[in-house]
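K.L.:
This is the structure alone, sequence omitted:
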C-alpha cells in the first residue's frame, strides 16, 4: 500500500505527489483524467484521497459514508475533468469544493438537524491515528485554527462542518443575517491567508 | 493570441437575477461554503461568468474554505483506491443520443407510417421545441439584465445571436451573447437547449473578419442543455459577426449571426 502522503498543502509534481503542481501540470493531469487514463486517476487519488476522505468522515460521521463519498467525488471529478479551469483556481480548491458540496447535500438529506452543543474544532483531525502523517495533520490543523477566535470557530463549525446556512445561524444565535455573512467572509479570508502562507 | 479558458454554468441558473455586485457579494462566502440554495448558487455563478472582481473574491474565499477541508485529513481504507479506479474504468460510453433515436424513428416512419409512430414523433418534436425555447428564454432574460447594466454604466456593448441548426427540421437551438467591454475583458456566453443527450463535447468559435477565435470545448451542463462561456482577457471582439458551434464529428451543429439589436 502506497502510504498516501499529504499533498495539497505541500503540493507535488504529476509524478511525485509530494511536489507542488503548477497550474499547467494540474491542467495536464485533468486532461488525462478526462480520458480515463488510469495513471492520472491514481495520481489524483493519491494526492487528494486523504483530505477528501477526512472531510467526508468529519461531516458524515462514519467511515462507510466517507468511503462512499470519496468514490463519488472522484467519479464526479472524472466526469467534470474537462471543465476544470486552472485560471479560476487550484485543483485542490476545485476538488475540495466538490467534496464539501456533496457532503453537505448528503448531510442535509440524511441528518436530522437539532441544536447541539458546539464542540469546537480542537479535536480535528478526529480519526485516531498515530502515524507521522496524522501528527503533521494535527500540527497543521492547530496552526490554521490558531488564527480564529472562539466565536469564529463556532461559526465555521456550524457553516462548514454542519452545513448550516447563514440564515439558520443568524436565527439560532439571534444576530443579524448581515453580521453572520460579514463574519463568514472575515473567517474565510483569515483562513486563506494562513493557508497561502503555509503553501509558500 | 491567448485567451483564458471558459467553463460551463450549472443547470438551472436564473440569469435574470444576475444583477450587480452589491446584490452578489454578501453571498460569496456562502457560495464558498456550499450552503446556498441551488437556485441562489446558479444566480451567483451566472454573475461570476462576467464579473472579474467578484470572481477574484469568490476564488479567494474558496481557498479559505479549502483550508478548512484540509483540517480533517485522514487515511482511507487501502482498497478504496482500487474501487475508485475500477468505478471510473468500467463506466460505459455515453448513451446513444435522443436525436439519434429520433432519426432512426424517422427512417422507420418513411418505411411504414403508423399512428403510434406519428404520436411518438410529435412528442419528441414538442420536447425539442420546449427545450430550445427554454434556452432562448433564459438567454433573453440574461441579455435584458445585462443590457440594463450596460445602459446604466454607459460602457461596453452587447451583441447577440439566435443560434439554430440552419435546417428546416426541428433541432437544438439557443442564443449567444457577446460582451464587448471596449478595453476590458470581452466574453461570450452561450445558452443552448434540445441537444442530443450524452453528446459532446462541442467546439465553439467567434468568427471575426479575417479569422476566428475559439470558445474551446463546450460540454452540456445538464442532459440536453448547455450554458457555457469564455472570457477573452486580451482580445478585442468588437468586430465579431458570427458564432459557430461544431459537434464532435466536426459538422456545424449551430450557427448564428451577431447583431447589436436587443
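P.N.:
Nice, I can see it. Computed from a predicted structure; not experimentally measured. Numbers count the residues shown, from 1 in each chain, chains lettered A, B, ... in the order given.
K.L.:
CA only for contacts and neighbour counts going forward, please
P.N.:
Noted.
K.L.:
So what touches the helix or strand containing residue A:92?
P.N.:
For residue A:92, the host element (DSSP states H and E) is helix A:91-110. Under the criterion CA atoms under 8 Å, 6 or more residues apart in numbering or on different chains, residues A:8, A:26, A:48, A:51-52, A:55-56, A:59-60, A:69-70, A:73, A:76-77, A:84, A:162-163, B:32-35, B:62-63, B:65-66, B:69 lie in contact with helix A:91-110.
K.L.:
try 6 Å
P.N.:
Helix A:91-110 is contacted by residues A:73, A:163, B:34, B:63, B:66 when judged by CA atoms under 6 Å, 6 or more residues apart in numbering or on different chains.
K.L.:
Can you tell me which of those residues is closest to residue A:88?
P.N.:
Of all the contacts of helix A:91-110, residue B:63 has the smallest distance to residue A:88: 11.0 Å, by CA to CA.
K.L.:
can you pull the contacts of the closest one?
P.N.:
Contact analysis of residue B:63 by CA under 6 Å, 6+ apart lists A:93, A:192.
K.L.:
Just confirm it is within a strand.
P.N.:
No: read with DSSP: H, G, I helix; E, B strand; the rest coil, residue B:63 is helix and lies in no strand.
K.L.:
coming back round to it: would you mark the buried spots in the helix holding residue A:92?
P.N.:
Buried residues in helix A:91-110, counted by 16 or more other CA atoms under 10 Å in any protein chain shown: A:91-104, A:106-107.
K.L.:
likewise stretch A:150-168?
P.N.:
For stretch A:150-168, burial by neighbour count (16+ other CA under 10 Å) applies to A:152-166.
K.L.:
now stretch A:61-78
P.N.:
A:63, A:65-67, A:69-78.
K.L.:
do that stretch and chain B meet?
P.N.:
Yes: using CA under 6 Å from any CA of the partner chain, stretch A:61-78 reaches chain B at residue A:71.
K.L.:
near chain A, which residues of the stretch 1-150 of chain B?
P.N.:
So the stretch 1-150 of chain B meets chain A at B:7, B:29, B:33-35, B:61, B:63-64, B:66-67, B:69-75, B:84 (CA under 6 Å from any CA).
K.L.:
and the residue nearest to residue B:75 when sequence neighbours are not counted, how many neighbours?
P.N.:
With CA to CA, 6 or more residues apart in numbering or on different chains as the criterion, residue B:75 has its nearest non-adjacent residue at 5.4 Å, and that residue is residue A:50. Neighbour count for residue A:50, taken as other CA atoms under 10 Å in any protein chain shown: 23.
K.L.:
What residues does residue A:50 make contact with?
P.N.:
By CA under 6 Å, 6+ apart, the neighbours of residue A:50 are B:73, B:74, B:75.
K.L.:
That one falls within a helix, correct?
P.N.:
Yes: under three-state DSSP, residue A:50 falls within a helix.
K.L.:
Done for today, thanks.
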